[in-house]
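# Any chance you could fold what I've pasted below:
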Amino acid sequence: MFGRWLGNRTNRAKGTHPAPGLPIPPSGGMVSCRVLDPVNEPLRHAEFTVTDAQGRRVVGGEADPFGSFVATVPAGEYRLAVSADGYTPYRGSVTVAEHGHAAIGDLTLQVASPPALPEPGDWEMEPMHSSIAFTARHIGLARIHGRFDTFAGAVRIAERMEESAMHVVIDAASIDTKVKMRDDHLRSADFLDVGRYPTLEFYSDRFTHRGGSRWAVTGALSLHGVTRTVTLDTEYLGLGSGMENETRAACRATTELHRDDFTVSWQTMLARGIAVVGPSIRIDLDVQIVPKT
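Numbers count the residues shown, from 1 in each chain. Next up, the predicted model:
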């Protein structure tokens, strides 16, 4: 049984079928829930994960526009985790009977206190515990994963976080996909053209609080001699301490770039029969910053 539920909980008798037309295997059952905020509005972006007794993920996903989810699982004992950005997550246990329906009912998540922000002042990226990675689809093949090994960054935290600023410089030649021939090609004039454009640079323009621990960091990215506005979808992870008890702050951020926006044309290379990465590239940053000394 689940722990304390905030809101109404409904149950159905064993053997009832809550969703006509949705098949349940003979050895399986169903679990469902609706996730609400403190004013009883559905949390449509809530995420759920069902794990077994060994902690292995069985099923997971995102709630529908009404805050509801339903999943079919083998009969047994499970743990359910429900989370939504800006809210305190819930974890509990549930029993699913064969061809039964563990209808949990309404679950209200409470607003979480946002993590403490860094102190105002100058901070810098700590490269040993930071990474700048990317994922691109190879035309006709699988995804390519890579990273930039050399970079530096500075962050000036203002009294109002929204007025803070960030500057990141990336060494273009440090691109690394673990395949030397491909890396040499990416450094060539066909792609990054590192001889003419040795760095990628990002200057932030504004920080926007999106609620909870979510921020949008918008700024100018210069790549391949072209500057475009991009927005980093950022999750602030809070403050911590390093091995020498120095204060540090951490965040994760993502954005998507379109190569044509930076005049890195792939149609020409396709016409020449060169296998290339696709037109969109996902950038993932995992960053820790420390006070500048």
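
# What is the burial count for residue 38?
When neighbours are defined as other Cβ atoms under 10 Å, residue 38 has 12 of them. Where C-beta positions appear, they are placed from N, C-alpha and C, glycine not excepted.

# Let me know the helix or strand that it is in.
Element membership for residue 38 (DSSP states H and E) is empty, with no helix or strand holding it.

# give the contact list for it.
When contacts are counted by Cβ atoms under 8 Å, 6 or more residues apart in numbering, residue 38 touches 108, 109, 110, 111.

# What's the ChimeraX syntax to select whichever of those are buried?
Here is the ChimeraX command that selects the buried residues among the contacts of residue 38 (16 or more other Cβ atoms under 10 Å):
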select :108,109
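
# Okay, and which of the contacts of residue 38 map to strands?
Using DSSP state E, the subset of the contacts of residue 38 located in strands is residue 108.

# out of the contacts of residue 38, who's nearest residue 230?
Taking Cβ to Cβ as the measure, residue 230 lies nearest residue 111 of the contacts of residue 38, at 29.9 Å.

# returning to that earlier point: looking at the contacts of residue 38, which one is closest to residue 181?
Distance to residue 181, by Cβ to Cβ, is smallest for residue 109 among the contacts of residue 38, at 49.7 Å.

# From residue 213, how far off is the closest one?
Going from residue 109 to residue 213 by Cβ to Cβ, to the nearest Å gives 14 Å.

# circling back to that earlier point, specify which member of the contacts of residue 38 is nearest to residue 59.
The shortest distance between residue 59 and any of the contacts of residue 38, using Cβ to Cβ, involves residue 109 and amounts to 19.8 Å.

# For that closest one, which non-adjacent residue is spatially closest?
Ranked by Cβ to Cβ, 6 or more residues apart in numbering and with sequence neighbours excluded, the top spatial neighbour of residue 109 is residue 87, at 3.9 Å.
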